[in-house]
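[1] Got a sequence here, can you build the structure:
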Amino acid sequence: MSGTPSDQATPLVRDRLISSALEGKSKATHAYDAITWKIRAGYVAILYGSLALVLGTSGIDQIGQLTQDPARSITILLLLVGFSLSAFYVDSIYIHKKTRVTVSRDLLVSVSLKTATVTDLELERLLQIAGDMPDKLLPVQAREALRLRRAENLRELLWLYVTPPTLAAIVFALAFVVGS
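    Numbers count the residues shown, from 1 in each chain. This is a model prediction of the structure:
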């Protein structure tokens, strides 16, 4: 005979491990999506809810009053920038973890389809919980994919978290110019 029963079972065990890991990574990806959407929805709700409280029901009329109190305007703007930076930081952490899981999942799919090869150590790392794994422990091809996706994610996140403080700064600047 060409091999022992354990030699024949190894590919089957490996395939089952990969299949199980893929299922877990799919669930993790959905969980990270749920977390990031809660962060974003909370950011928008708190942002616009607090603006409504600060500006009151008259909105535009209140902006004119802000020109009379520059300290209040600067305080509001700084709070808005700080809140946006904080939300951006938390969101980017979860997006990065999700991206690690996604990159790991994609590489596992390639390994299972035999279009990519990894060492046993790399496979073991891919089978682990990728969201908490340091980037340097991922296989080289996964780290490159992670780097590319990180840049993509950053561009998307910046629009969400930079737009409100930028627009607020423009509105306050216009209010001061018009009010002067």
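
[2] Now tell me what touches stretch 120-138 from outside.
    Stretch 120-138 has contacts (CB atoms under 8 Å, 6 or more residues apart in numbering) with 14, 17-18, 21, 24-25, 28, 32, 97-98, 100-101, 103-105, 107-108, 111, 118, 139, 142-143, 146. C-beta coordinates here come from the backbone N, C-alpha and C atoms, glycine included.

[3] what about that stretch, start to end distance?
    Criterion CA to CA, to the nearest Å; first-to-last residue distance in stretch 120-138 is 12 Å.

[4] Need the mean per-residue confidence for it.
    In this model, stretch 120-138 has an average pLDDT of 76.

[5] thinking again about what came up before, buried ones only from the contacts of stretch 120-138, please, as a PyMOL command.
    Buried subset of these, written as a PyMOL selection, criterion 16 or more other CB atoms under 10 Å:
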select buried, resi 18+21+25+28+32+97+98+100+101+103+104+105+107+108+111+118+139+142+146
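
[6] Determine which residue lies closest to the centroid of this structure.
    The residue lying closest to the centre of the chain (CA atoms, centre = their mean) is Ile95, at 2.0 Å.

[7] pretty sure that residue contacts Ile35?
    No. With contact defined as CB atoms under 8 Å, Ile95 does not count as touching Ile35 (9.6 Å).

[8] residues in contact with Leu108?
    18, 21-22, 25, 126-127.

[9] so which of those comes closest to Ile170?
    Relative to Ile170, the closest of the contacts of Leu108 is Lys25; by CB to CB it sits at 42.1 Å.

[10] Which pLDDT does the model give the residue nearest to the centre of the chain?
    Looking at Ile95, the pLDDT reads 93.

[11] which residues touch it?
    Ile95 touches 32, 36, 153, 157, counting by CB under 8 Å, 6+ apart.

[12] In which helix or strand does the closest residue to the second one other than its chain neighbours reside?
    Here the nearest residue to Thr36 in space, its sequence neighbours aside, is Tyr94; by CB to CB, 6 or more residues apart in numbering that works out to 5.1 Å. Element membership for Tyr94, per DSSP states H and E: helix 70-112.

[13] Which SSE is immediately downstream of that helix?
    Heading C-terminal from helix 70-112, the first helix or strand you meet, by DSSP H and E, is helix 120-127.

[14] got the angle for that next one vs helix 70-112?
    If you take axes from the mean of the first three to the mean of the last three CA atoms, to 10 degrees, helix 120-127 sits at 130 degrees to helix 70-112.

[15] Report the distance from the helix or strand just after helix 120-127 to the chain centre.
    Downstream of helix 120-127, the first helix or strand assigned by DSSP H and E is helix 140-179. Relative to its chain's centre, helix 140-179 lies at 13 Å (CA atoms, centre = their mean, to the nearest Å).

[16] how much space between Val111 and Val162?
    In this view, Val111 and Val162 are 38 Å apart by CB to CB, to the nearest Å.
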